[in-house]
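S.K.: below: sequence and its predicted model.
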Amino acid sequence: MTMTIAAPPWQDLFQRLLSELDHRGSADWQADQARLDPAIYHNPQRYQAERDRLFRRLPLCLGHADQLSEPGSVVAFELCGVPVLIARHRDGEVRVFLNVCRHRGARLIAEESTVCHKQSLVCPYHAWTYRLDGTLAGLPRPEAFPDLQRHLLGLRRLPSTVRHGLVWAVLDPAADGADSNRTLDIAGYLGELDRDLEAISIGRHRFYRQHAVRRATNWKLIVDAFLEVYHVTRLHAGTIGPFFADSVSVGDAVGPHQRYLVARDRTAEIRALPPEHWSPQVHGTLVHFVFPNSIIVYHPDYISHLGMFPSAPDETLFVHTMLTPKLPADAKEEAHWTRSFELMDGGVFNGEDLAICEQIQRGLLSGANDGLIVGRLEQNLSRFHGNLDAALR
């Protein structure tokens, strides 16, 4: 019996990309020009609705589990106003908790975004001590709490799971009746993107480096920047722009998510190659957007995961995690990955993309624009904002 091997998920995207290189034929070129209300980027009520209905209720990708490679590894973030703690227990399981002591509410880990190693978690206020599975291990002067039910006072665990090496969690422990032991159906949530992530082997990549920074811009402006390629050869003219064709990409809506493939300077090479050799990292740049706030960019020899977590209408925690196929084996490989990270994180993402987003944010209240124009090269933005509006309704 002959086995049929499924074509890679990006093969159809490449065929469409070649057609787009030859002549503008995608449906986006038939789309109407649209406008976005500037208020969606600064209105406090809109921000509150997004935080409560999206960021507290939907599964969010918090990073790669390989960042917590050893038992006892712990990392803490404040995400969308929620103090979060991720820990790997000695049983190997990664668990996500609220970083809040059950006694008086102090934070157990004060550091943010830096991995530390702990045998247990001790509250700095009164030294209540928790195991890495979240259970309450002990407290000073227990006789002062004669009615204490220790088994009910473990750390509040968030619904979470690891899929494709990525840590997913819902930030509200009671969202839609969820409980801390609920297994999140991430495969169902991702839809067709689940197959993409498996095919590209993101789960077998290794955590290399991460940079978390708060920037003075609305989170949606950052997502917008990574959903269109109209700016790439212009804004990034001095960095990555020369490696890309001008504004050529094709994509699909996958439920509320999106996948799209961007033409690079080497895309035309695939005309002489069999389809199984078409690389979504070398012959193009594949991008996944996981609703509401994750962007995954597949560079030629590594992967960037970007998480946008709003902390105010005009402030966002931007977390860039670099994943490599393997850990560096020598000083030469270490220097290569370091240069790559510094170019993308410092030169491109923070130095160009986020800087322009901050400029836009400052201009939103000036009255210069009563609507922000969305052209045919930016139709991914229309899809994103349409899905946002539907989710908020």
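M.R.: Now that the structure is in, tell me what you want to look at.

S.K.: now the helices for this structure?
M.R.: 11-22, 44-50, 186-190, 193-199, 219-227, 232-235, 331-341, 354-363, 379-392 (DSSP state H).

S.K.: the ones you listed: which one's closest to residue 138?
M.R.: Residue 138 lies closest, by CB to CB, to one member of these: helix 186-190, at 34.9 Å. In short, each C-beta sits where N, CA and C put it, glycine included.

S.K.: only alpha carbons, please: show the closest one as CSV.
M.R.: What follows is helix 186-190, C-alpha atoms only, in CSV (Å, rounded to 0.1, in the frame of the first residue of the first chain):
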residue,chain,number,x,y,z
ILE,A,186,-5.0,24.6,22.2
ALA,A,187,-5.2,22.4,19.1
GLY,A,188,-8.8,23.3,18.8
TYR,A,189,-8.1,27.0,19.4
LEU,A,190,-5.3,27.1,16.8
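
S.K.: next, the distance between the ends of stretch 31-40.
M.R.: 22 Å (CA to CA, to the nearest Å).

S.K.: which ones are touching residue 71?
M.R.: 88-92, 132 (CB atoms under 8 Å, 6 or more residues apart in numbering).

S.K.: what's the most distant pair in those residues?
M.R.: Across those, the longest distance by CB to CB is 11.1 Å; it joins 92 and 132.

S.K.: more neighbours, those two?
M.R.: Neighbours were counted for residue 92 and for residue 132 using other CB atoms under 10 Å; residue 132 has more, 24 against 7.

S.K.: check contacts around the more buried one.
M.R.: Here residue 132 is in contact with 71-72, 74, 87-90, 95, 118-121 (CB under 8 Å, 6+ apart).

S.K.: same check on residue 150?
M.R.: Contacts of residue 150 by CB under 8 Å, 6+ apart are residue 136.

S.K.: separation between it and residue 97?
M.R.: 16 Å (CB to CB, to the nearest Å).

S.K.: could you do residue 268 as well?
M.R.: For residue 268 relative to residue 97 (CB to CB), the value is 50 Å.

S.K.: of those two, which one has the most company?
M.R.: Neighbour count, other CB under 10 Å: between residue 268 and residue 97, residue 97 has more, with 27 against 15.

S.K.: if I look at the more buried one, how far off is residue 155?
M.R.: Going from residue 97 to residue 155 by CB to CB gives 4 Å.

S.K.: between these two, which contacts overlap?
M.R.: By CB under 8 Å, 6+ apart, the residues touching both residue 97 and residue 155 are 85, 134.

S.K.: domain ranges for this structure, per the record?
M.R.: As assigned by automatic domain parsing, the chain contains the domains 11-54+194-392, 60-183.

S.K.: chain center to the shortest one, what's the gap?
M.R.: In this case it means domain 60-183. 21 Å (CA atoms, centre = their mean, to the nearest Å).
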